Each structure stands twice: as C-alpha cells, then as structure tokens.
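Novice: quick one, structure for this:
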Amino acid sequence: MLPYISILLTIILFSTIEVTVKLLPHDAIDPYFLASLRFLIPGVLITAGTLSTCKTISLRHYGRFILAGTIGIGATFGVYHYLLTTSVRAEELALVFSSNPLFASIFAACMLREKLPKAALFAMAMALVGVYIVHNGFAPLTTDRLSTILLMVFTALSFGFYTTLSKSLVAHYGTLATTGMTFLIGGLTLLPISQSFHITDLGTTLPTLAYLIFGATLAGYLFFFYGLHRVSIHAGTSLFYAKPVFATIFATLLLETAPPNASFYVGMLCIFAALTILITPWSLYAVKY
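Specialist: Next up is the predicted model:
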C-alpha cells in the first residue's frame, strides 16, 4: 500500500505545476530557464549527496543516463514549459500529460520485458482520440491546433520513455543517484536554449520558484521513484489518472478560469478509460517488498 500512497502524493504535487507556472507574472522568467532551474538545482543537490554511488556508474549505463536526462527531462519539460506560455489551458496539458503511462507500458514491454496488457494498443488509440477531443473538441483540425496536439503528445511519450529508462537505472543505482544524475543532465541540456536568464518581480517569482523546485519537483520525483521501484510500470504510473482531476480543481480555484467545456470531459473519459484498461488485477498486486 505504501508505494501507491507515495505515488498518489506525487500526483497531487505534480497537479499543482501547471497552475503554479500560470500564476507567475507574465515574462517573469524565460520558460526554458524555468525548466532548467526546476531540475538543475535539485540535480546538483542530490548528486552531491550521492557522489559515492555516482562514481560507480558503468560506461554502459552512462548512455542511458544521457538519454534519460536529455530526452526525458530536457526535451519533455522544455516543450512542456513552452506550452504553458501559450493559450493551452493548464488542465488540458495536465490531462494529456497524464496519458504517459500508456507510452511507458509500451516502452516497458520493449525495454524491460514487462508484461503488456493485450488491449494496450487499443487503449493508446482511445487515449489519442481523447487528446484530440480535449484540445480541439469536435471541430475540424487546423494546422496550429495539430502542432499543439503533437507537442502535447510528445511530452507524454517522452516522459513515458523517461519513466521506463529510469526504472532500469534505479534498479542498479537507487532512487537518489538516478534522480540526481538525470535531473543534472536535463537541467544542463535546457540552459543553452534559454533565451534569457533574467528574473523579474522577485517578490512573487522567487517563492513560486522555490515551491516548483523543492516541492513539486524534488519531493514529487523522490516520492514517484520510491513507489515506482516497488510496483510494475503500468500499475504505478496508471495512478496518473488522478492528475487531471486535481489540476482541474486547482485551475478553477486558483486561476479563476471558466470550467472546461463539455468536450474536455468527453476527452477526459476517453483517456481515463484507456488508463483503466492498463490496470489489471495481477498488476495491482505486483508489489515488491
């Protein structure tokens, strides 16, 4: 039970990220620099505390760390924070991102040889339909909306890849060392593409940054990998279905936005149904103690 509680705490913390970023003053900080700070600072702190373990990383595994850091952290959250500067609603991005367990299950079957539910491909198709409906409703698709949908799907896909690759590294080096190294690499990857390192409105921005860095990111991921190391990929990450629920509540209360339209909830049902397909009886009890 403790691994699932740990992952649930993660989801609650993760559900505040989109809303918290949207609460930042306009142009207070470059989105790529913000993403870099979110992972670079925790990465430095954790790596410094796990140097003895990090020194044991084999050459064979360095490539995996670089992939996990550059793609799973750098690319994922560079795109993710860019989308938060656009007109994409916080709860929309949270909902689409919550579909990452579908991709994680596919990657886990290929990379970790975990058992894949037979209906996984059907579930993925259902989730993609849900993503389309969430962002575009039932209207004809335009080029701009297509590019936004593809970027949102990319964040879910690349985070699913990161989840799978990190799980294999956690088995060798533990949660702390794996998290620290991937965060450090991802944060460094984002620095060169940052267009500005200037932070304005310090009174509001700095407390918000502190929460994003140490609460939503550092604490959130430590809880996440603690739980994920003890359950199967699709059993643990399927709890992400709770993220858009919390994110929608937080967005309505804190951003004072209008409630989402009906198509958002139709798309949510499609994604929830897809995630539910992944939760099989054997996976719920596949917990390692």
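
Novice: for the stretch 101-250 of the chain, which spans come out with low pLDDT?
Specialist: 117, 232-241 (pLDDT under 70).

Novice: let's see that with 80 instead.
Specialist: 113-121, 224-225, 228-243 (pLDDT under 80).

Novice: what segments of the stretch 1-150 of the chain are helices?
Specialist: Remark: helices assigned in the stretch 1-150 of the chain by DSSP state H, counting those that start in this stretch are 2-14, 17-23, 31-49, 51-54, 59-67, 76-83, 90-97, 100-111, 120-136, 143-190.

Novice: next SSE after the longest one?
Specialist: Right, helix 143-190. Sequence order places helix 202-210 as the next helix or strand after helix 143-190, per DSSP states H and E.

Novice: after that next one, next one along is what?
Specialist: helix 220-228.

Novice: gap between the residue lying closest to residue 151 once chain neighbours are set aside and residue 152?
Specialist: Excluding its sequence neighbours, the residue lying closest to residue 151 (C-beta to C-beta, 6 or more residues apart in numbering) is residue 79, at 5.4 Å. Where you see a C-beta, it was placed from the backbone N, CA and C, and this is true even at glycine. Computed as C-beta to C-beta, to the nearest Å, the residue 79 to residue 152 distance reads 8 Å.

Novice: tell me the most buried of the helices of the stretch 1-150 of the chain?
Specialist: Ranked by mean neighbour count under mean count of other C-beta atoms under 10 Å, the helices of the stretch 1-150 of the chain are led by helix 90-97, which reaches a mean of 27.

Novice: show me what it is packed against.
Specialist: helix 17-23, helix 76-83, helix 120-136, helix 143-190, helix 243-250, helix 262-278 (3 or more C-beta pairs under 8 Å, 6 or more residues apart in numbering; DSSP states H and E).

Novice: format the ones you listed as JSON lines; extra columns: distance to residue 51.
Specialist: Listed next are the helices and strands packed on helix 90-97 as JSON lines, based on distance: least, C-beta to C-beta, whole Å:
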{"stretch": "helix 17-23", "distance to residue 51": "29"}
{"stretch": "helix 76-83", "distance to residue 51": "25"}
{"stretch": "helix 120-136", "distance to residue 51": "39"}
{"stretch": "helix 143-190", "distance to residue 51": "9"}
{"stretch": "helix 243-250", "distance to residue 51": "33"}
{"stretch": "helix 262-278", "distance to residue 51": "37"}
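
Novice: relative to residue 205, how far out is the residue nearest to residue 151?
Specialist: With C-beta to C-beta as the criterion, residue 79 and residue 205 are 22 Å apart.

Novice: got it, and residue 89?
Specialist: 22 Å.

Novice: which residue of these two possesses the greater neighbour count?
Specialist: Per other C-beta atoms under 10 Å, whichever of residue 89 and residue 205 has more neighbours is residue 89, with 22 against 16.

Novice: wait, the more buried one touches residue 261, no?
Specialist: No. If you go by C-beta atoms under 8 Å, residue 89 and residue 261 don't touch, sitting 10.2 Å apart.

Novice: so who does the closest residue to residue 115 other than its chain neighbours touch?
Specialist: In space, and not counting its chain neighbours, residue 115 is closest to residue 109: 7.4 Å by C-beta to C-beta, 6+ apart. Counting by C-beta atoms under 8 Å, 6 or more residues apart in numbering, residue 109 touches 115-116, 120.

Novice: now these in TSV, please, with extra columns for distance to residue 93.
Specialist: Formatted as TSV, these follow (distance: C-beta to C-beta, whole Å):
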residue	distance to residue 93
115	30
116	27
120	23
